[in-house]
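Chemist: this is a predicted model, with the sequence first.
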Amino acid sequence: MDREEIARLLASLSAADVPPFRASQVYQAIYRQRVESPDRILTLPRELRAKLAAEVPFGLPAAVQQFTSNDGTQRYLLGLEDGKSVETVLMPEGERYTFCISSQVGCPVNCRFCLTALLGLERNLTAGEIVGQVLYVAARNGLSADISKLNVVLMGQGEPLLNLPNVLKATAILTDEEGAGLSVRRLTLSTSGIVPKIEELARAAVRPKLAISLNASTEEQRRELMPITRKYHLKDLLEACRAYPLRSWEHLTFEYVLLKDVNDSDADARRVVRLLANLHCKVNLIALNPGPEIPYGTPAAERVDSFQSIVKRSMPCFVRKPRGRDIFAACGQLKRMESELVAISS
Ligand code: SAH
Ligand code: SF4
C-alpha cells in the first residue's frame, strides 16, 4: 500500500477521524523501520494498533526454502499468500550486494534459452510482493535497504513491463525517502522488449533504469530465440530505445546471452555494434547458463573474449560473471525444481 491507501485503510478502521500524520507513521514503520507487526508501531494509539493487527494481513513473504551457493549467492523460494512461490536472489560481492527480484510468478514470454519460460505465467506479483522481496532479504541479512552499497535488479522471474502498474508502484515505495529509501539509480528493470510499455515507462514520474535483453544480432535470429520479436520487431525495439528519454546520469544496458554456435560469432559481434550505434549504452554479455530442457550450449571462454573485444572497441562491454549456477540461481535458471514443489505442498 502507498501512503494514500494506508490513509484510507486507517479511516475505514476508525470510528473517529484519523489525523493524516498517522498514515505517514504507519508507512514509515512498515517500509523504513520494517516493523514486523502493528503491535510494534508504538507511535499509534493502542486501539488503532489492535484493530490493524486484527483486521489487516501484515508482514513479509517468508522463505519456504533457501539455497546457498559456494560463491555466497543465496536463492530464496518465497511463499506467497495463495500458496504460490517465487524466487529472489541475493548476490554479495565484497562490500556490495545485489538483490535480483521477481515481478511475476513464472513468465509469459517464451524465450527459448530461459528456464523460467517453461513455467508459463502463473500470475502477476502485487506491488507488496515486489517490495516484500527486498524487505525480506534485507531483514534476513541484517541489511538496511538504504545503504549505498545495495543494488536491486528486476531480473528474476517474469517480464516486468507486463506488470508495469505494480512494478511502478513498488518502484515509488522502494525509492521514497520515507519508504525503503533506495536510490533510483540503484534499481534496474530488465525487459525482453515490450515496445509500447517502454514508451509508457518513459512517461513514469519515478522509473528504474532500463536494461534490454537483446540476445540476437538480426531480426530473424531474434525471432527464433525470442518469439516475442514477431510481435515487437527488433527494428521497433531499437527505435523505442533511441526515443527513450535518458536522465543526465543514465545509459541503457543491453544484455546479450551468448549461445554456442548460434549468436556468438565475430560477425554477430560486429552486427551488434552496428545495431547499437548512436545509442548511449553499455553491453553485458552473459554466457548461457545451462539447464535441463534448454537446447543450447555455453560458448568457450575464448569465444566470449573474442566477442567482447570486438564490441568493446565501440562501447563499454562487460562479461557478467555467473553467480550461483550450482543452486540454479543464475540468470535464466529461476524455475523451481520438482523436488522443491513437493517440499512446498507437503
Ligand atoms: N524478463 C526479463 C528479466 C528477467 S531475465 C528479461 O528477459 O529481460 C534476466 C536476464 O537473463 C535476461 O537478460 C535474459 O536474456 C537472461 N537469460 C535468460 N535465460 C538465460 C540463460 N539460460 N542463461 C543466461 N542468461 C539468461
Ligand atoms: Fe521471461 Fe526474461 Fe526468461 Fe524471456 S528471458 S522467458 S522474458 S524471464
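Modeler: Done, it's in. Ligands and ions are numbered 1, 2, ... in the order given.

Chemist: my guess is Val262 contacts Tyr296, does it?
Modeler: Yes: taking contacts as Cβ atoms under 8 Å, Val262 lies within contact range of Tyr296: 6.2 Å. C-beta here means a position set from N, CA and C on the backbone, and glycine is covered the same way.

Chemist: neighbour-wise, which of these two wins?
Modeler: Legend: neighbour count by other Cβ atoms under 10 Å for Val262 and Tyr296, higher for Val262 (21 against 18).

Chemist: OK, contacts around that one?
Modeler: By Cβ atoms under 8 Å, 6 or more residues apart in numbering, the residues touching Val262 are Gln221, Leu225, Tyr296.

Chemist: which residue packs closest to the first one, ignoring adjacent ones?
Modeler: By the measure of Cβ to Cβ, 6 or more residues apart in numbering, the closest residue to Gln221 outside its immediate chain neighbours is Asn263, 5.9 Å from it.

Chemist: distance of the one you found relative to Ala277?
Modeler: Distance from Asn263 to Ala277, counting by Cβ to Cβ, to the nearest Å: 19 Å.

Chemist: swap in Ser103?
Modeler: 30 Å.

Chemist: hang on, the earlier thing: just put the contacts of Val262 in a markdown table and tack on pLDDT and distance to Leu154.
Modeler: As requested, these are exported to a markdown table (pLDDT from 0 to 100; distance: Cβ to Cβ, whole Å):
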| residue | pLDDT | distance to Leu154 |
| --- | --- | --- |
| Gln221 | 98 | 25 |
| Leu225 | 98 | 21 |
| Tyr296 | 97 | 24 |
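
Chemist: among these, which ones are in helices?
Modeler: Using DSSP state H, Gln221, Leu225 are the members of these that sit in helices.

Chemist: between the contacts of Val262, which sits nearest ligand 2?
Modeler: Leu225 (9.5 Å; Cβ to the nearest ligand atom).

Chemist: residues near that closest one, how many?
Modeler: By other Cβ under 10 Å, neighbour count at Leu225 equals 21.

Chemist: give me every residue that touches it.
Modeler: Leu225 makes contact with Cys111, Arg112, Phe113, Asn215, Ala216, Leu259, Val262, Asn263, according to Cβ under 8 Å, 6+ apart.

Chemist: which of those residues are buried?
Modeler: Cys111, Phe113, Asn215, Ala216, Leu259, Val262, Asn263 (16 or more other Cβ atoms under 10 Å).

Chemist: I'd assumed Asn215 was in contact with the last one.
Modeler: Yes: with contact taken as Cβ under 8 Å, Asn263 and Asn215 are classed as touching, separated by 6.9 Å.

Chemist: what do those two both touch?
Modeler: Joint contacts of Asn263 and Asn215 (Cβ under 8 Å, 6+ apart) are Leu225, Tyr256, Val257.

Chemist: before we move on, the earlier item: okay if I get the contacts of Val262 as CSV plus distance to Gln333?
Modeler: Output for the contacts of Val262, formatted as CSV (distance: Cβ to Cβ, whole Å):
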residue, distance to Gln333
Gln221, 23
Leu225, 17
Tyr296, 13
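
Chemist: assign a three-state SS to Val153, would you?
Modeler: Assigned state for Val153: strand (three-state reduction, DSSP: H, G, I helix; E, B strand; the rest coil).
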